[in-house]
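Visitor: sequence plus predicted model, see below.
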Amino acid sequence: MTMLKNQAQTQMATGANLPAHEVVYRQLRRRILFGDIAPGQAVTIQGLVETLGAGMTPVREAIRRLTSDGALEFLGNRRVCVPKLTPDSIEEIAFMRKSLEPELTRRAVCRVDEAQVEVLMKIDNGLDLAISNGDVNGYLEHNYRFHTTLYAMADAPVMAAVADRLWLRFGPSLRVVCGRFGTQNLPDKHHELLDALRARDSERAAQAMSDDVEQGMSQIGDVLEAVALRS
C-alpha cells in the first residue's frame, strides 16, 4: 500500500500517468543528478527498493537504464554506485560539453522568442535567489533546469540528449563543489548569456556558455583533486 501511494504521489506531482518503472527511473535519476547519492557511495539494490518505496523489478529496470547512461556502475554483491570522476574523465566531459553546449546555445538564439527568453529569465531569477540564500538544492535544480530548457529551444534533440546524459556524469560532483565553495562562488554566466539572447547575438551567447562550462568543470576538477590529496 505504501509503495502504491508513493507512486501515485509522484505521478500526481509530475502531472502524468506514468508506469511504475518510469516513475522509479525518474526518481532514481533525480537522486543521482543532484548528488543525493554521492560519487563512490555504494548502495544496495534492496536499499534503493526501500528508499524509493518501489518493487524490485522497476528498481532493477531503472538501474539497468542508468547503468547504460553511465550514471551508475555495478560493484557486485547486489550493490551499485555513482562513478567517481577521474582527471581524464573530467577532461573528456569538459571537451564534450564545450563542443555541444555552445552549439546548442547558438542554435537556440536563432529560434527563441520573447516569451521563451522570459521563461529562462524566471528560471535564472530562481537560481539567483538560491545562490543568495545558500540553497544548494535550489542552485542545483535551477541550474540544470536553465540549461535543459535552453537546449530544448535549440530544436536539436540528438545533441540535447547527449548533453543531458553528460549532466548525469558530472552532476553528482557539483554537490561536492557546493560543499566546498557554498553557493556564492559557483559558476553562473547566465546573465551574460541572457543579454546575448535578448540581443540575438549567437556568438556572444555561445561564448558565455563556453565560459560557464569551463568555469564549472574547472571547479569540479580542483575540488576533486583537493579531496584526493586529503584522502
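Guide: Received, thanks. Numbers count the residues shown, from 1 in each chain.
Visitor: pretty sure Tyr151 sits against Ala160.
Guide: Yes. Using C-beta atoms under 8 Å, Tyr151 is in contact with Ala160, at 4.3 Å. All C-beta atoms are positioned from the backbone trio N, CA, C, and that covers glycine.
Visitor: please work out the average pLDDT along the longest helix along the chain.
Guide: Ranked by residue count under DSSP state H, the longest helix found in the chain is helix 202-230. Within the predicted structure, the mean pLDDT of helix 202-230 is 89.
Visitor: elements contacting that helix?
Guide: Here helix 202-230 touches helix 87-109, helix 157-181, helix 190-198, going by 3 or more C-beta pairs under 8 Å, 6 or more residues apart in numbering; DSSP states H and E.
Visitor: and of those, who's closest to Arg31?
Guide: helix 157-181 (9.3 Å; C-beta to C-beta).
Visitor: and the closest one, what's buried?
Guide: For helix 157-181, the neighbour count (16 or more other C-beta atoms under 10 Å) marks 159-160, 163-164, 166-178 as buried.
Visitor: leaving out sequence neighbours, find the closest residue to Ile123.
Guide: Phe146 (4.8 Å; C-beta to C-beta, 6 or more residues apart in numbering).
Visitor: can you give me the neighbour number for Gln46?
Guide: 12 (other C-beta atoms under 10 Å).
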